[in-house]
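Participant: Sequence and predicted structure are below.
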Amino acid sequence: MRKEPGLPLAIVRGCAEHLREWSRLRAALWPSHSNGYHADELNSMITRNSDEAFGIVAPLPDGVLAGFAEASLRHDYVNGCSSSPVLFLEGIYVEPAYRRQGIGRGLFDAVRSAGKALGCVEFASDASIDNIESHLFHRALGFEEAERVVFFRQSL
């Protein structure tokens, strides 16, 4: 990662001091939920302090977060995988102003390293079928497409 003025000096595991900023970034990635909802979820994750679900953040010197990544260990079936647990990238987001500066790669690398240290041999993720930008990002990180699926539902 290039170390230019204003860019993160480190990629670190998310903690309580990052809660406000992390919630803000989560709401940008997943806008169907409020900042309060995201803060509650993050507070639970931080309080559990478990390797089963964790987050990595990219703090700037002023405390603002340039981005985050969240991952979990999935013990159930993961599409395209044959091992268990599987390291699963639940979400990754970099503020638009900080994109294409190596921050996303740094977050990804930190999550990947954590998964390897936890004994995982496979790393998976997903993206909406129409999210072409995410597909390109995943491919740039070395992911290969495992399968495509469309879910169906009906009210009873």
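Facilitator: Yes, it's here.
Participant: where does the protein have low pLDDT?
Facilitator: 1-8 (pLDDT under 70).
Participant: Go ahead and flag the most central residue of it.
Facilitator: Geometric centre of the chain, nearest residue: Ala69, 2.6 Å, by C-alpha atoms, centre = their mean.
Participant: Do I have it right that that one meets Phe88?
Facilitator: No: assessed by C-beta atoms under 8 Å, Ala69 is found out of contact with Phe88, at 11.3 Å. The way it works is simple: take the backbone N, C-alpha and C, and place the C-beta from them, glycine included.
Participant: picking that back up, who's in contact with the residue nearest to the centre of the chain?
Facilitator: 55-56, 89, 91-93, 107-108, 110-111 (C-beta atoms under 8 Å, 6 or more residues apart in numbering).
Participant: between those, which is nearest Ser83?
Facilitator: Lowest distance from Ser83 to these (C-beta to C-beta) belongs to Leu89, with 15.7 Å.
Participant: Which stretches in the chain count as helices?
Facilitator: Along the chain, counting by DSSP state H, helices occupy 19-29, 35-48, 103-117, 132-140.
Participant: can you list those helices in a markdown table and add distance to Ala124 and mean neighbour count?
Facilitator: Below are those laid out as a markdown table (distance: least, C-beta to C-beta, whole Å; neighbours: other C-beta atoms under 10 Å):
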| stretch | distance to Ala124 | mean neighbour count |
| --- | --- | --- |
| helix 19-29 | 18 | 18 |
| helix 35-48 | 19 | 15 |
| helix 103-117 | 10 | 19 |
| helix 132-140 | 10 | 13 |
